[in-house]
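Q: Sequence first, then the predicted structure:
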Amino acid sequence: MILDEVDLRLDEMGQPVPLASGAESTVSGIDSFLQDVRLEAVTTAGECFYDPDYGWSLLDFLHKEFGELEEIQIKNRVLEKLKNRDEINPRSILVAITQETNDIIRIHVEFKVKNDDVAYQMDLSIDGAEVTILD
């Protein structure tokens, strides 16, 4: 299923990447799938008009005092969103959360696609203003 998907290639700001010819660059297969996971991670649920559940809504955790409860909530949110994707092996999902300073929370995510032994990783940062993909 994921190997048949094609999408516009997006830069780190979420904008389409043009080719030298002026046409839009595309991604397909696993690269398209991984791009979609990254995009969903920084999206707030409700932003996507055709899928109101799309988005991890990590901005919900901005300006909250970070403690054990918030760590569990973030971890559960990420786990739930990744488990909703049929392509991901749910037993392969690992989520680690660390607080670097009072305002910066780092999230490390690792998962495997079903029927594949390759581990894919993504690191995110929640700071005082936004959610950012670090890798």
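A: That came through fine.
Q: how far is the longest helix along the chain from where the chain is centred?
A: Ranked by residue count and defined by DSSP state H, the top helix of the chain is helix 68-83. Helix 68-83 sits 13 Å away from the centroid of its parent chain (Cα atoms, centre = their mean, to the nearest Å).
Q: by contact count, what packs against it?
A: The contact analysis (3 or more Cβ pairs under 8 Å, 6 or more residues apart in numbering; DSSP states H and E) places helix 68-83 against helix 29-41, strand 94-99, strand 105-112. Placement of C-beta: from N, CA and C, glycine included.
Q: Skipping adjacent residues, who's closest to residue 133 in space?
A: Distances taken as Cβ to Cβ, 6 or more residues apart in numbering place residue 38 nearest to residue 133, at 5.4 Å, with adjacent residues excluded.
Q: The nearest residue to residue 105 once chain neighbours are set aside - how many residues pack around it?
A: Using Cβ to Cβ, 6+ apart and skipping residues adjacent in sequence, the residue nearest residue 105 is residue 126, 4.4 Å away. Per other Cβ atoms under 10 Å, the neighbour tally for residue 126 reads 23.
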